[in-house]
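> just the structure for this:
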Amino acid sequence: MQNLKTIKVNSIQPKMDKLIRNSFTATLKTTIYGFLAAAIVLSCNRKNENLPEKRTSANSELLGKKAIITFPEMRAEVTYHKDSTLHWKTTDKNGLINEGDEKMDYKKLSEDLHFLNWIEKDGWTVSQVVNTKDGTVKSFWSFADDSSPRGKRKSLFVDGKIEVVK
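Numbering: from 1, shown residues only. Below you'll find the model as predicted:
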């Protein structure tokens, strides 16, 4: 009889050991997965100190402001009104002054980049990309030129520096 009990215990023991091992392994895996999930969630919710802080220039807005733009051949004082109009006044190297009020098309491309376009009463067309953070202006000018074989118009790119004054 003792022999029979020993056989039953001996045959049950490996199954019990396997069951305990499987249960322990499953619990261990569940615990590890739980810790991993918590770590992922916490890392996603934490601010990343290694990313650069988003900074905007103090003069990132353009509409409602006045600016001084210095081009190689002239200086321009421009007021960008919020009602999609602008007033400009240019003074060339010889002191010749021109000014006008224009309807402009305006698109804010990013926090510090602005695209503007207007057509002046005499047909002069101005397109500009203004970077208020770097203080730069990329202008494209198109104007009448009877000697031009390209629609009797001429064009050129001009780089300038901008300072938003108020």
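> now do the helices in this structure.
Along the chain, the stretches classed as helices by DSSP state H are 2-45.
> tell me where the model's unsure across it.
1-60 (pLDDT under 70).
> quick one, phi/psi of H81?
Main-chain torsions, H81, degrees, to the nearest 10: phi -80, psi 150.
> isn't it up against W88?
No - using C-beta atoms under 8 Å, H81 is not in contact with W88; the gap is 11.3 Å. In this view, the C-beta of every residue, glycine as well, is placed from N, C-alpha and C.
> more neighbours, the two?
When H81 and W88 are compared for neighbours, W88 comes out ahead with 20 against 14, by other C-beta atoms under 10 Å.
> enumerate every residue touching that one.
Contact partners of W88, counting by C-beta atoms under 8 Å, 6 or more residues apart in numbering, are 76-79, 99-100, 102.
> can you check N131 too?
112-113, 137, 162.
> what about the nearest residue to I119 once chain neighbours are set aside, neighbour count?
Closest residue to I119 apart from its sequence neighbours, by C-beta to C-beta, 6 or more residues apart in numbering: T125 at 5.1 Å. Here the number of neighbours of T125 (other C-beta under 10 Å) works out to 15.
> got the contact list for the closest residue in space to V158 that isn't next to it in sequence?
The shortest distance from V158 to any non-neighbouring residue, by C-beta to C-beta, 6+ apart, is to S139 (4.6 Å). Counting by C-beta under 8 Å, 6+ apart, S139 makes contact with 71, 126-128, 157-160.
> switch to 10 Å and redo it
If a contact means C-beta atoms under 10 Å, 6 or more residues apart in numbering, then S139 has 69, 71, 76, 116, 126-130, 156-160 as its contacts.
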